[in-house]
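based on what follows, work out the 3D shape:
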Amino acid sequence: MPQARKYVIIIPDGAADEPVEALGGRTPLQAARLPHCDQVAAEGMIGLARNVPERFLPASDVATLSLFGYDPERYYTGRAPLEAAAMGVTLGCHDWAVRCNLMTILEGRITDFTAGHITNAEAAQLMAALASELGSPRYEFYAGVSYRNLLVIRGRPNEDPFDDSTTTTPPHDVPDRPAADHLPRGTGSQELRQLMEAGSRIVAAHPVNAQRIANGQRPANAIWLWGQGQAPALPRFIDLRGLKGAIITAVDLVRGTAALAGWTRIDAPGATGYLDTDYASKGHVAIEALRDHDLVCVHIEAPDEASHEGRPDAKVEALERIDELIVGPLLNTLRKHYPRHRLLISPDHSTLLRTRAHDRAPVPWAMSGEGISGSGLTYDEFAARSPGCPMIDQGYRLMDRFLEST
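Numbering: from 1, shown residues only. From the prediction side, this is the model:
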């Protein structure tokens, strides 16, 4: 029997950017040394994809659905339900999931949406305090990873707490802005604001924060509720595509999307969802996963985090480590052991160092492998705009191109 084709997707989260003065007027993708990404682009094809439809905020929830081949217009219901799926929290038909950030607000400004990248153990204590003092049959608090946590509001028939008028703001998109300008609005906003006010008092007074302040760390002195939504219904990827998928990521949002798609979740030792993640571990685990999966996806959050912190040097370093320790080993393994293969590199969305926020600009992708002829180009935003490079306006259709038969 001929060997089945293997597929690898590598997602350097938020890697796409614009020219940066500190990088000599180059984008981070241009400034970084990326021999393996460039090899994929040169020997394969490169183009642009719009992963976030116009009516959605540019964020990983919508963009990840697109990258996995699901039309956000059809399947997106909100960010928090995807994270609930990753945490194994079941949502009933009347329930709502809401993202609950632990964060730092100083002098009324959104100072740090990660609360100094608070540890899992510290976050668990604060979430336990919220559950103890605010928890009820209606409100359930769940500890996630670091600052990324969850509130579930259990609903009742004929009593929807939110509707299309309800708007909440991702705190990572408004760094250093006045918090009061970005509080929830619309139906149900008063309930969310009251919870935020009460919850912020609870965490600010907790001994965990007294110790963090004593250690010179930023306190998790506030909670921020956003990303509300109800449970989505995604058809399984294997039923749609006939392929068994696996995901390697430290981010619950991506885990949850993959879980709803029916992919295997594989945890890589040392994966943190931050700049200090163990890149080599992710590459190794992905190589092992190829043995019994048709498609393996590796997601790396580090470039996005570097942009949110406004650190060009850290973003370039993260991209170079992804190239060296993930793209390179996977590319070599595919060529040596799986002659029938395809590899796709694509960010989910752009994250700009200038604004420290997400952007809806189309992102550059590159794919190589069986049946794909060479472009001779490098992997960066400007090369992807070269004449003849395809532009995919509906990002979810990139998966069709990636998987298409030759």
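
which residues in the stretch 251-400 of the chain form strands?
264-265, 295-300, 341-345, 350-352, 357-359, 363-369, 391-392 (DSSP state E, counting those that start in this stretch).

list the strands paired with the fifth one, with their directions.
Here strand 357-359 has these sheet partners by DSSP bridges: strand 350-352 (antiparallel).

hmm, who's touching the strand it pairs with?
Here strand 350-352 makes contact (C-beta atoms under 8 Å, 6 or more residues apart in numbering) with 13-18, 58, 303-304, 307-308, 357-361, 363. (C-beta placed from N, C-alpha, C; glycine too.)

do the same with stretch 26-34
With contacts defined as C-beta under 8 Å, 6+ apart, stretch 26-34 is touched by 15-20, 23-24, 37, 303, 312, 315-316, 319-320, 323, 327, 353, 364, 378-382.

now do stretch 179-196
For stretch 179-196, the external contacting residues (C-beta under 8 Å, 6+ apart) are 98, 105, 108-110, 134, 139, 151, 161-163, 165-169, 171, 174, 222-226, 228.

could I have the buried ones of those as PyMOL selection syntax?
Buried subset of the contacts of stretch 179-196, written as a PyMOL selection, criterion 16 or more other C-beta atoms under 10 Å:
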select buried, resi 98+105+109+110+134+139+151+161+162+166+167+168+169+171+174+222+223+224+225+226+228
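
just the ones of the contacts of stretch 179-196 in helices?
The helices, defined by DSSP state H, take in L134 from the contacts of stretch 179-196.

in a markdown table, list the strands of the stretch 251-400 of the chain along with mean neighbour count.
What follows is these, written out as a markdown table (neighbours: other C-beta atoms under 10 Å):
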| stretch | mean neighbour count |
| --- | --- |
| strand 264-265 | 14 |
| strand 295-300 | 27 |
| strand 341-345 | 24 |
| strand 350-352 | 25 |
| strand 357-359 | 21 |
| strand 363-369 | 27 |
| strand 391-392 | 15 |
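
same list (these) but as CSV, adding mean pLDDT and distance to T257.
As requested, these are exported to CSV (pLDDT from 0 to 100; distance: least, C-beta to C-beta, whole Å):
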stretch, mean pLDDT, distance to T257
strand 264-265, 96, 11
strand 295-300, 98, 10
strand 341-345, 98, 16
strand 350-352, 97, 18
strand 357-359, 94, 17
strand 363-369, 98, 17
strand 391-392, 98, 19
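
closest one to A204 among those?
strand 357-359 (25.7 Å; C-beta to C-beta).

which other residues reach the closest one?
Strand 357-359 is contacted by residues 14, 16, 57-59, 170, 172-175, 308, 349-352 when judged by C-beta under 8 Å, 6+ apart.

stretch 397-404 too?
Outside stretch 397-404, the residues touching it (C-beta under 8 Å, 6+ apart) are 7, 9, 49, 66-69, 241, 243, 342, 344, 346, 365, 367, 390, 392.

what's the average pLDDT for that stretch?
The pLDDT scores in stretch 397-404 average 97.

give me the neighbour count for G216.
7 (other C-beta atoms under 10 Å).

from the chain's centroid, how far away is stretch 188-201?
26 Å (C-alpha atoms, centre = their mean, to the nearest Å).

check stretch 342-349 too.
The answer for stretch 342-349 is 13 Å, by C-alpha atoms, centre = their mean.

same deal with stretch 109-125?
Counting by C-alpha atoms, centre = their mean, stretch 109-125 is centred 18 Å from the centre of its parent chain.

what's it in contact with?
Identification of contacts with stretch 109-125 by C-beta under 8 Å, 6+ apart yields 101-105, 126, 143-147, 149, 171-172, 174-179, 182, 206, 208, 212, 217-221, 224, 274, 308.

so for the longest strand seen in the chain, mean pLDDT?
In the chain, assigned by DSSP state E, the strand with the most residues is strand 96-106. On average, the pLDDT along strand 96-106 is 97.

what's the answer for stretch 74-93, then?
92.

got the end-to-end distance for it?
Using C-alpha to C-alpha, to the nearest Å, the end-to-end distance of stretch 74-93 comes to 18 Å.

ok, stretch 43-59 next?
Distance between the two ends of stretch 43-59: 30 Å, counting by C-alpha to C-alpha.

E309 reaches P303, doesn't it?
No. Here E309 does not reach P303: they are 11.0 Å apart, not a contact under C-beta atoms under 8 Å.

more neighbours: the two, which one.
A count of neighbours by other C-beta under 10 Å puts P303 above the other of E309 and P303, at 29 against 16.

follow-up on the earlier one: I'd like the strands of the stretch 251-400 of the chain written out as JSON lines, with distance to G155 added.
Formatted as JSON lines, the strands of the stretch 251-400 of the chain follow (distance: least, C-beta to C-beta, whole Å):
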{"stretch": "strand 264-265", "distance to G155": "28"}
{"stretch": "strand 295-300", "distance to G155": "31"}
{"stretch": "strand 341-345", "distance to G155": "39"}
{"stretch": "strand 350-352", "distance to G155": "33"}
{"stretch": "strand 357-359", "distance to G155": "29"}
{"stretch": "strand 363-369", "distance to G155": "36"}
{"stretch": "strand 391-392", "distance to G155": "37"}
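
and these: which comes nearest L334?
Taking C-beta to C-beta, strand 341-345 is the member of the strands of the stretch 251-400 of the chain nearest to L334, at 4.1 Å.

count of neighbours near E324?
By the measure other C-beta under 10 Å, the count of residues near E324 is 17.

let me fix that: P137
Neighbours of P137 (other C-beta under 10 Å): 6.

so it sits against R154, correct?
Yes. Here P137 reaches R154: they are 6.4 Å apart, a contact under C-beta under 8 Å.

identify the contacts common to those two.
Between them, P137 and R154 share no contacting residue, judged by C-beta under 8 Å, 6+ apart.

can you tell me how far the residue lying closest to A231 once chain neighbours are set aside sits from A97?
Excluding the flanking residues, the one nearest A231 by C-beta to C-beta, 6 or more residues apart in numbering is L91, at 3.9 Å. When distance is defined by C-beta to C-beta, to the nearest Å, L91 is 6 Å away from A97.

neighbour count winner among these two?
Neighbours per residue (other C-beta under 10 Å) separate L91 from A97, with A97 holding more: 29 against 21.

so who does the more buried one touch?
Contacts of A97 by C-beta under 8 Å, 6+ apart are 78, 80-81, 83-84, 89, 91, 150-153, 228-231.
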